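**Q** After the sequence you'll find the predicted model.
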Amino acid sequence: MSVVVIGCGDVGQRLAARYRAIGQPVTGIVRTAESAAALAPAGVQALTLDLDREAPPAGLLDGAVVHYHAPPPREGTREPRLQRLLAGARSAPPARLVYISTSAVYGDCQGRWIDETAPLTPRTDRGRRRLDAEHQLAAFAEATGAEVVVLRVPGIYGPGRLPVARLQAGTPLVLPAQCPPTNRIHADDLAGACLAAAQHGRAGRAYNVSDGNPTSMTDYFLQVADLLGLPRPPLVTLAEARQHLSPMLMSFLEESKRLDNTRLREELGLLLRYPTLADGLPSCLL
Ligand SMILES: NC(=O)c1ccc[n+]([C@@H]2O[C@H](COP(=O)([O-])OP(=O)(O)OC[C@H]3O[C@@H](n4cnc5c(N)ncnc54)[C@H](OP(=O)(O)O)[C@@H]3O)[C@@H](O)[C@H]2O)c1
């Protein structure tokens, strides 16, 4: 078996370390030479190519387990990078393709608990691009017989990815009573979910990959501020927040859901190392 991680960045490198621990070599695709250089010390064979212009070489994905972690472009409602890759792989498809999608495909669920059978009604282009990707993958699986597993992922946190700059800038937070629930996953647990999906995921299935303990964005930022010893930012109403926050952050506040992770735990058998922020945040300082 060969394993290829397309977009071998933070989560991809954590995943590669898990494969290394079981003696499985990994090829990692990145866009820039700088990122390729960072893969060698991690024991990953690097390949540099830009999915905006080219597909991986013929044969590389043939019969492989492929993890797709490259993000879509920042604009539009389609996913042309994945489309290019799938077109190139049609005659020699991977055996299995595990795709990192986003929980934004569900749109706004007004804070309800939702599982993977919830309707897919994205409200943002970020969510629409990922839904387009999920549709492309389903069509590819149908046409080629490749097994596709989709992971729907909310906010990722972990070492090196805490919102330090924003806390240092003192950008206000929304009052807890007006701040809806959002979901998170530690980057290491996400890497574990990627491996579990490759090994045990059912073909054609989607899995919510969240820690199962949603809290508000305000709660998250306050816990991070306390952890780092930074001042707690001022609290404002949701209406006032619109003047301070980026459209991306506002979209997180205006789309609220609680992700049910039963399928992740019971079907993929993932034992979460960091089921709450209290479990996971201290690891970010190591
Ligand atoms: N941040 C979140 O909270 C969140 C939430 C849900 C889902 N996700 C998704 O989770 C996935 C993994 O996240 P991550 O943190 O591991 O991402 P990351 O560290 O930013 O890594 C992304 C990788 O994709 C590569 N890449 C980007 N554009 C490419 C292109 N045009 N052609 C080839 N390679 C390209 C990058 O290469 P270079 O370094 O050379 O550019 C990098 O290796 C991403 O798809 C992300 O969008 C993130």
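**A** That came in fine, so what should we check first?
**Q** Remind me which helix or strand the closest residue to Leu281 other than its chain neighbours belongs to.
**A** Leaving out its chain neighbours, the residue that sits closest to Leu281 by C-beta to C-beta, 6 or more residues apart in numbering is Leu227, at 5.1 Å. The way it works is simple: take the backbone N, C-alpha and C, and place the C-beta from them, glycine included. Per DSSP states H and E, Leu227 falls inside helix 217-228.
**Q** residues making contact with that helix?
**A** The set of residues external to helix 217-228 that reach it, using C-beta atoms under 8 Å, 6 or more residues apart in numbering, is 155, 157, 162-164, 166-167, 173-176, 179, 182, 184, 230-233, 235, 249, 252-253, 277-278, 281-282, 284-285.
**Q** Quick one: distance of that helix to the chain centre.
**A** 21 Å (C-alpha atoms, centre = their mean, to the nearest Å).
**Q** After that helix, which helix or strand is next? Please name it.
**A** Using DSSP H and E, the first helix or strand after helix 217-228 is strand 235-236.
**Q** can I assume Val4 sits in a helix?
**A** No - under DSSP: H, G, I helix; E, B strand; the rest coil, Val4 sits outside any helix and is assigned strand.
**Q** Please report how far it lies from Gln24.
**A** From Val4 across to Gln24, the span is 11 Å (C-beta to C-beta, to the nearest Å).
**Q** Ok, Asp211 next?
**A** Distance from Asp211 to Gln24, by C-beta to C-beta: 26 Å.
**Q** Which one's more surrounded, those two?
**A** Asp211 (25 against 15; other C-beta atoms under 10 Å).
**Q** Am I right that the more buried one is in contact with Ala187?
**A** No - judged on C-beta atoms under 8 Å, Asp211 makes no contact with Ala187 at a distance of 11.5 Å.
**Q** got the contact list for Val285?
**A** In this structure residue 285 is Leu, not Val. Counted by C-beta under 8 Å, 6+ apart, Leu285 has contacts 159, 227.
**Q** how near is it to the ligand?
**A** Counting by C-beta to the nearest ligand atom, to the nearest Å, the separation of Leu285 from the ligand is 19 Å.
**Q** do Leu222 as well
**A** Between Leu222 and the ligand the computed distance is 18 Å (C-beta to the nearest ligand atom).
**Q** can you check Arg202 too?
**A** 21 Å.
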